[in-house]
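Peer 1: Quick one: sequence plus predicted model below, questions after.
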Amino acid sequence: MSLVEARDVFRVHSTPDGGVAALQGLTLAVEAGEICVVLGPSGSGKSTLLRVLAGFERPSAGTVTVAGLDLVGLPESRLARYRAESLGFVEQHYWRALEGELTAEELVAVPLGLAGVEERERTARSRELLERVGLLDRASALPAELSGGEQQRVALCAALAGRPRLLLADEPTGELDAPTAAVVFDALRELVRGEGTTAIVVSHDRRSTEIADRVVNIRDGRVSEERSGRSTAVVVGTGGWLRVPEETLLQAGIADRALVELQDGVVQLRPANGPAPRVEPPAPRADGRAGVLVEGRGLVRRYGHETALEQVDVAFRPGRLAVVTGPSGSGKTTLLTLLAGLDLPDDGEVFVGGVAVSALGRAERADLRREQIAWIGQSAGLSGFLGARENVELALALRGIGQAEAAERARAALAAVGLAEHADRPVDRLSAGQRGRVALARALAARASVLVADEPTARVDAATTLALGRLLAALAHEQGTTVICATHDQLLIDLADDEVELGTSLRVEGAPTPRPEALRS
């Protein structure tokens, strides 16, 4: 019997412009003891599904049962009891659940304390879980003393401390590098299997499928594809509707029309109007100015007693897409903030187009950024009550761009990142991945000679990563922009011209390493 059953579930969010459907007739069943990984593009309804299963949101229509409980009809007090007794929940931003003044051992024990478990049992259970994920020696450490991967493993232990029947994990490795993500996935599998728990894991990370009994793809608020073992099935809806994976269409060059042919019992798809048109970056600067050389010489940056960078020498050339890689905590974000003039090194110098950044005053550095540098941080930094288009236009207005030109640039940039149809939606109604694409559109619309991006493809699916990566490459190759991205994403790394790899030594010398041409084809 299924532990989780969702049938014909709709979830419609009200907006000033009308309803927006996050789930559109989704049907899904998950067996007891199963690890089900849910994939899908940003905005497809993955996080909404988890919130409905957790009882944080009520479905607008349909039925949802977990362990025999009808979540649709439960009163709020009973839903709270369900969450306390039967559910473990790990949010996207796991660090928000880790109180900074508590140790790892205390954090894992908090849910047990709230359930009235006596102290000795709480301590024993906490230490048992920490030992199983290799963190017993960190039991007395505070969250600030733990790495991102260690914090995530502590959050997993806390979610499973009360032996819930169902674990819901929303992007558990979204902010982690590949090696650390692998450790977290291994810990998740070990804990779930050991506890006999059922788990539904939402992710953009294809490596999550390695721990799955079954993989479910969601598009447009409904299940489009399921995979178990080596067998993959596309879900055929009422009336013969089916969704072909976007990656498959992208690789086949199919845009908005396809020819469907039946030959010897095999259905074939091919482009109806020739290959799909290539996504074009927004038009270049009116003055035709190309990118500039960005250099860091002998860069040192310390935060208190912690050293983030030590004697780093790098140079990024115009017309090339460069990626900065390395494990979490290796200094990628620190390096990018120095290169963008958002921070100053303790020693060494950053040069942008031959100008020494630290020699400039605060106002002059702001002028430099406004005129030459577009920045995309890990946090989108958008105004939630404004629409996507309004956010882009506002940023352009601050750069001195006139209203008519700003409107045209915003339209082109949002279209380039695949958000034309969402241009007027308030940003706080967009998914995390969509908000990231609005931030990228804002940077593209600036038409700066240097674009610096920190994890620009985080929390988006593989097909969107490929499209955005090719857009960034085109921006570099066709417009001469100097494009620098910090990333953990192998798809983006494979598209890059050059790579700077930061490591635990904190030292980097010389120019970026050119990427093999074959990887970018």
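Peer 2: Arrived safely, thanks for sending.
Peer 1: how about the CA coordinates for stretch 176-184, as PDB?
Peer 2: Provided in PDB are the C-alpha atoms of stretch 176-184 (Å, rounded to 0.1, in the frame of the first residue of the first chain):
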ATOM      1  CA  LEU A 176      27.000  22.500  -2.200                       C
ATOM      2  CA  ASP A 177      29.800  21.600  -4.500                       C
ATOM      3  CA  ALA A 178      29.900  18.100  -6.200                       C
ATOM      4  CA  PRO A 179      32.100  16.200  -3.700                       C
ATOM      5  CA  THR A 180      30.200  17.700  -0.700                       C
ATOM      6  CA  ALA A 181      26.800  16.900  -2.400                       C
ATOM      7  CA  ALA A 182      27.900  13.300  -2.900                       C
ATOM      8  CA  VAL A 183      28.600  13.000   0.900                       C
ATOM      9  CA  VAL A 184      25.200  14.500   1.800                       C
END
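Peer 1: low-confidence ranges in the stretch 1-150 of the chain?
Peer 2: 1, 15-19, 94-95 (pLDDT under 70).
Peer 1: what about the helices in it?
Peer 2: 46-53, 76-86, 104-114, 119-132, 148-160 (DSSP state H, counting those that start in this stretch).
Peer 1: same deal with the stretch 201-350 of the chain?
Peer 2: 246-252, 332-339.
Peer 1: Those: lowest mean pLDDT?
Peer 2: The stretch with the lowest mean pLDDT among the helices of the stretch 201-350 of the chain is helix 246-252, at a mean of 69.
Peer 1: Now the helices of the stretch 1-150 of the chain in TSV, please, with extra columns for mean neighbour count and distance to residue 454.
Peer 2: For the C-beta atoms, the positions are set from N, CA and C on the backbone; glycine is no exception. TSV is the format used below for the helices of the stretch 1-150 of the chain (neighbours: other CB atoms under 10 Å; distance: least, CB to CB, whole Å):
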stretch	mean neighbour count	distance to residue 454
helix 46-53	24	22
helix 76-86	14	34
helix 104-114	21	27
helix 119-132	17	31
helix 148-160	25	14
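Peer 1: With distance to residue 235 as extra columns, can I get the ones you listed in a markdown table?
Peer 2: Shown next, in a markdown table, are those (distance: least, CB to CB, whole Å):
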| stretch | distance to residue 235 |
| --- | --- |
| helix 46-53 | 15 |
| helix 76-86 | 28 |
| helix 104-114 | 36 |
| helix 119-132 | 36 |
| helix 148-160 | 30 |
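Peer 1: how about those helices, which one is nearest residue 486?
Peer 2: Among the helices of the stretch 1-150 of the chain, the nearest to residue 486 by CB to CB is helix 148-160 (14.0 Å).
Peer 1: continuing past the closest one, what's the next helix or strand?
Peer 2: For helix 148-160, the following helix or strand on the C-terminal side (DSSP states H and E) is strand 166-170.
Peer 1: right, so of the helices of the stretch 1-150 of the chain, which gets closest to residue 37?
Peer 2: helix 46-53 (10.4 Å).
Peer 1: Return stretch 201-217 as CSV; C-alpha atoms alone will do.
Peer 2: Extracted in CSV, the C-alpha atoms of stretch 201-217 (Å, rounded to 0.1, in the frame of the first residue of the first chain):
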residue,chain,number,x,y,z
VAL,A,201,13.6,14.4,-2.4
VAL,A,202,13.2,17.4,-4.7
SER,A,203,16.3,18.3,-6.6
HIS,A,204,17.8,19.8,-9.7
ASP,A,205,21.0,17.7,-9.2
ARG,A,206,21.0,14.7,-11.5
ARG,A,207,23.3,12.9,-9.0
SER,A,208,20.4,12.7,-6.7
THR,A,209,19.0,9.9,-8.9
GLU,A,210,21.8,7.6,-7.8
ILE,A,211,20.1,7.2,-4.4
ALA,A,212,16.6,6.9,-5.8
ASP,A,213,14.3,3.8,-6.1
ARG,A,214,12.2,5.8,-8.5
VAL,A,215,12.7,9.2,-10.3
VAL,A,216,9.7,11.3,-11.2
ASN,A,217,9.9,14.3,-13.5
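Peer 1: Okay, the spatially most central residue of the chain and residue 410: tell me how far apart.
Peer 2: Central residue check for the chain by CA atoms, centre = their mean: the C-alpha nearest the mean position is that of residue 459, 1.6 Å away. Applying CB to CB, to the nearest Å, the value for residue 459 to residue 410 is 22 Å.
Peer 1: Ok, residue 115 next?
Peer 2: Residue 115 sits 50 Å away from residue 410 when distances are taken as CB to CB.
Peer 1: higher neighbour count, these two?
Peer 2: Neighbour tally, residue 115 and residue 410, criterion other CB atoms under 10 Å: the higher count belongs to residue 410, 27 against 12.
Peer 1: The more buried one - nearest residue in space that isn't next to it in sequence?
Peer 2: Nearest residue to residue 410 in three dimensions, chain neighbours excluded: residue 392, at 3.9 Å (CB to CB, 6 or more residues apart in numbering).
Peer 1: burial measure for the one you found, as a count.
Peer 2: As a burial measure, residue 392 scores 30 neighbours (other CB under 10 Å).
Peer 1: Return the residues in contact with it.
Peer 2: Each residue near residue 392 by CB atoms under 8 Å, 6 or more residues apart in numbering is listed here: 406, 409, 410, 413, 414, 438, 441, 442, 445.
Peer 1: which residues in the stretch 201-350 of the chain form strands?
Peer 2: 214-219, 222-228, 231-234, 258-263, 266-271, 294-303, 306-316, 321-325, 347-352 (DSSP state E, counting those that start in this stretch).
Peer 1: To residue 109, which of the ones you listed lies closest?
Peer 2: Comparing those by CB to CB, strand 306-316 comes nearest, at 28.3 Å.
Peer 1: mean confidence score for the closest one?
Peer 2: 90.
Peer 1: Start at 52, not 1
Peer 2: That works, and once the first residue is 52, the last one we named lands at strand 357-367.
Peer 1: Who are the packing partners of that strand?
Peer 2: Here strand 357-367 touches strand 345-354, helix 383-390, going by 3 or more CB pairs under 8 Å, 6 or more residues apart in numbering; DSSP states H and E.
Peer 1: Go again with 10 Å.
Peer 2: Contact partners of strand 357-367 among helices and strands, from 3 or more CB pairs under 10 Å, 6 or more residues apart in numbering; DSSP states H and E: strand 345-354, strand 372-376, helix 383-390, strand 398-403, strand 533-537, strand 549-552.
Peer 1: any idea of the angle that strand forms with strand 372-376?
Peer 2: Angle between the axes of strand 357-367 and strand 372-376 is 160 degrees (criterion: axes from the mean of the first three to the mean of the last three CA atoms, to 10 degrees).
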